[in-house]
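# Sequence plus the predicted model coming up.
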Amino acid sequence: MVPAGITVSVSVPATSANLGPGFDSLGLALDLRDDVVLTTVPEGFSAVVNGEGAGVVATDASHLVIATVRELLRQRGWEVPGIELVASNRIPHGRGLGSSAAAHVSAVLAADALLPEDERATADELLDAASALEGHPDNVAPALSGGLSVSWDDDGRYRSVAMDPHSGVVPVVAIPEQPLSTRTARGLLPDQVPHQVAAANAGRAALLVHGLTRDPAWLLPGTRDWLHQDYREPAMPASIALVRALRDQGLAAVVSGAGPTVMVLAAGVAGAEAARRAMQTELISVHGEAGQSWRVSILPVDALGAKVESHRAGQPVSG
């Protein structure tokens, strides 16, 4: 039994997956964080949710983080008498910025931190556990490690390589008011694509890694995608229209994850500010007052990844 009186604090960044051609494989951590503070108590399960999802997500034992922590502990032979959780959510839900991955990573790290040190998982095991919960590793990997990740499924085991993005890469996001279900967006994709489409996308994904890590001048051609974004247009016509308009202006615009957020990978601070202005101008020009409901922000790359601390009876026991 996990004893009462342990507090675990977990902070996890937002992420943007795919980045255009890197479907289900590329992901980038962004400087916007969800924070979870979990305390084991003698009995009962409750959550306080602040920010995104407040008044919507569950606040009892069915809260995603609480339920997942309990199940992960059971799988490893442990029970917890009760949990009090305080979640400060800043990552918008259902917008393609990795909110579900952040929740799964928070749960995996919190459950692991509640165990004795000699029973804790390796980094590879944490990646595998969180990816299995999420269903794929493209958001989970950068959430854990920060920076840029390339991830894949290796015969049932999830693997990832973390890289440091070029310092000149500055993401800018336009977040619409209305969410979109990942299941809905993924359901629009075909089961098969022509060989030449797959080959073209593979080439651009390789170029994008070069642009993200070595030379941002290649970000525009490197973000060209034929594999998934156009197929998703019926579910997010405004987002796809914005991507096309920004790309026509020479900006490396993509759908963030499954959408509907649009992201520009800008080169430098000045380029990011120009992209921000272009996004705002285009949104108001096309959508009028409705365009003002989109949140346009510069979100620098997060280099730290997830952070976890645990304390027993007020004394730190791990970092």
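Right, received. Where do you want to start?
# okay, the nearest residue to Glu177 once chain neighbours are set aside: pLDDT?
Nearest residue to Glu177, sequence neighbours excluded (CB to CB, 6 or more residues apart in numbering): Ser293, at 4.3 Å. All C-beta spots, glycine's among them, are computed from the backbone N, C-alpha and C. As predicted, Ser293 sits at a pLDDT of 87.
# going forward can the numbers begin at 898, since that is how I track them
Got it, first residue is 898 now, which makes that one Ser1190.
# all helices for this structure, in order.
Using DSSP state H, the helices assigned to the chain run over residues 961-972, 996-1010, 1020-1031, 1037-1042, 1079-1084, 1092-1110, 1116-1119, 1134-1145, 1165-1184.
# Have a look at the protein and report the helix or strand with the lowest mean pLDDT.
strand 1212-1215 (a mean of 47; mean pLDDT, DSSP states H and E).
# Report the contact partners of the closest residue to Asp1127 other than its chain neighbours.
The shortest distance from Asp1127 to any residue other than its chain neighbours is 7.0 Å, reached at Ile1137 (CB to CB, 6+ apart). Ile1137 is in contact with Gln1126, Asp1127, Arg1129, Glu1130, Val1152, counting by CB atoms under 8 Å, 6 or more residues apart in numbering.
# for those, which one is nearest Val938?
Distance to Val938 across the contacts of Ile1137 (CB to CB) is lowest for Val1152, with 41.8 Å.
# With Thr936 as the reference, measure out to the residue nearest to the closest one when sequence neighbours are not counted.
Across the structure, with CB to CB, 6+ apart as the measure, the residue nearest Val1152 apart from its sequence neighbours is Gln1126 (5.1 Å). The gap separating Gln1126 from Thr936 is 42 Å, by CB to CB, to the nearest Å.
# if you count what's nearby, which of those two comes out ahead?
Of the pair Gln1126 and Thr936, Gln1126 is the one with more neighbours under other CB atoms under 10 Å, namely 23 against 16.
# Find me the pLDDT at the nearest residue to Asn1036 once chain neighbours are set aside, would you?
Beyond its immediate neighbours in the sequence, the residue positioned closest to Asn1036 (CB to CB, 6+ apart) is Ala998, lying 3.5 Å away. In the predicted model, Ala998 carries a pLDDT score of 98.
# Might you report the residue contacts of Ala998?
Going by CB under 8 Å, 6+ apart, Ala998 touches Thr912, Ala1027, Glu1031, Asn1036, Val1037, Ala1040.
# now those residues in CSV, with distance to Ser1046 and pLDDT?
As requested, those are arranged in CSV below (distance: CB to CB, whole Å; pLDDT from 0 to 100):
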residue, distance to Ser1046, pLDDT
Thr912, 9, 98
Ala1027, 12, 98
Glu1031, 13, 95
Asn1036, 9, 98
Val1037, 9, 98
Ala1040, 9, 98
